[in-house]
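J.: my questions are about this predicted structure, shown below with the sequence.
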Amino acid sequence: MQNTAAVPTDLLDELRALYRRAPDLLDSETARLGLHPLSGGRNNRVFAWSSADGEVCLKLYRIDKRDRAACEFNALNHVAAHGVTNVPKPLWHDPDPDLPAVAMSMVAGEPVPDLAEPSTAIRAVVSVLGQLRALPLGPFTDLPRVDTATSFVDRITEVWPSQLDEYASEPHTADMRGLLDAWHRHNDAAVLTEPAPRIFSHGDSNLLNWLWAGPEISVVDWEFAGYSDTAWDAAEFIEHLSAHPIDDALWISLLPELGVDDEATRRRFAAAQRTVALRWLSVLWKRRHKRAEEFEYQRKRVTELMNSDFVSLR
Ligand SMILES: Nc1ncnc2c1ncn2[C@@H]1O[C@H](COP(=O)(O)OP(=O)(O)O)[C@@H](O)[C@H]1O
Ligand SMILES: [Mg+2]
């Protein structure tokens, strides 16, 4: 994909020199370069940069198997080329083996989880998700999104049981094993391996990535984009921890707009929902002492989902 603005090579040289001296210098020495950290950047370093042409968002990426920078830049170009306007404008991508960078326009808005009354914003989110689902896969035909059914099922079936074995005598363990057994009885792993049409997916369901400047909604953080399927994406979104404060009644009313609108998709959605909720329980179980309240919430959530169909929960 082509850069639409000049790459600031001097700035990037300086940032990479700091990084080579000590990665933490990117947190302490960047203000003098006109870079101000944006809250919420957890995996990467995300800055508002006061460039000569005005403020832009500059993102420096962590290195791992996925080429996060290319993925974000390609996704922003892909969705913009198909007329989706609720995204930052991609400006340039500068690959680098240690510290790849992407710049994009700044978008306005408040993160959806910070809103006192989020239901209007959530409806806007769901409408954008509908636009994204309808896009061709483009450069993502063979690249899965992050947080797939396979990765969640692997964690539940391969990683978690042996972790539980290490705490066999802890009171929580029997309960966790009971929920795992309930999940196995639903046969969700088998349902999720049945073929389903691929859709384009943003790939990161954290509601912090959605910024509301009513009536406009924007979505940032495209480094995990890839293909998915309708039922998995809807369930992974609804069961993301960041979505807990949203009423189930609202989610249930929005299911048809999320594409969960026929028997086959509803069945796959139910399997996906239990799987996602249980995967989060396995994550929170590891933090059961430090994040006791969230762990308890999730235990209750999973118990409800194992015993009853979502739509008849409330
Ligand atoms: N283009 C942008 N315009 C305005 N704010 C942004 C932009 N990109 C990111 N942000 C803010 O920075 C935060 C972190 O950026 P994000 O791309 O989500 O990084 P991470 O991959 O670390 O989660 C976002 O949650 C959002 O609040
Ligand atoms: Mg993010």
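T.: Noted; the coordinates are in hand. Ligands and ions are numbered 1, 2, ... in the order given.
J.: what's near enough to touch whichever residue of the stretch 101-250 of the chain sits closest to ligand 2?
T.: Ligand 2 sits closest to residue 221 of the stretch 101-250 of the chain, with a gap of 3.7 Å, by C-beta to the ion. In short, each C-beta sits where N, CA and C put it, glycine included. Counting by C-beta atoms under 8 Å, 6 or more residues apart in numbering, residue 221 touches 72, 204, 206, 209.
J.: please repeat the previous calculation with a cut-off of 10 Å.
T.: Contacts for residue 221 (C-beta atoms under 10 Å, 6 or more residues apart in numbering) come out as 40-41, 43-44, 46, 59, 72, 75, 88, 202-204, 206, 208-210.
J.: could you do residue 306 as well?
T.: Residue 306 neighbours (C-beta under 10 Å, 6+ apart): 178, 179, 180, 181, 182, 183, 185, 186, 274, 277, 278.
J.: what strand or helix carries it?
T.: In this structure, residue 306 sits in helix 292-307 according to DSSP states H and E.
J.: buried set for that helix?
T.: Of the residues in helix 292-307, 294, 295, 297, 298, 299, 301, 302, 303, 305, 306 count as buried by neighbour count, 16 or more other C-beta atoms under 10 Å.
J.: the residue of the stretch 101-250 of the chain closest to ligand 2 belongs to a strand?
T.: No. Counting by DSSP: H, G, I helix; E, B strand; the rest coil, residue 221 is not found in a strand; it is coil.
J.: quick check: buried residues in the longest helix belonging to the chain?
T.: In the chain, taking DSSP state H as the definition, the longest helix is helix 263-286. Going by neighbour count (16+ other C-beta under 10 Å), the buried part of helix 263-286 is 265-266, 268-285.
J.: how about the contacts of residue 306 in CSV, adding pLDDT, distance to ligand 1 and secondary structure?
T.: Formatted as CSV, the contacts of residue 306 follow (pLDDT from 0 to 100; distance: C-beta to the nearest ligand atom, whole Å; DSSP: H, G, I helix; E, B strand; the rest coil):
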residue, pLDDT, distance to ligand 1, secondary structure
178, 98, 34, helix
179, 98, 29, helix
180, 98, 30, helix
181, 98, 35, helix
182, 98, 33, helix
183, 98, 29, helix
185, 98, 36, helix
186, 98, 32, helix
274, 98, 26, helix
277, 98, 22, helix
278, 98, 24, helix
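J.: residues in contact with residue 298?
T.: Counted by C-beta under 10 Å, 6+ apart, residue 298 has contacts 239, 241, 244, 277-278, 280-285, 288, 291.
J.: ok, it to residue 27 distance?
T.: Distance of residue 298 to residue 27, given as C-beta to C-beta, to the nearest Å: 32 Å.
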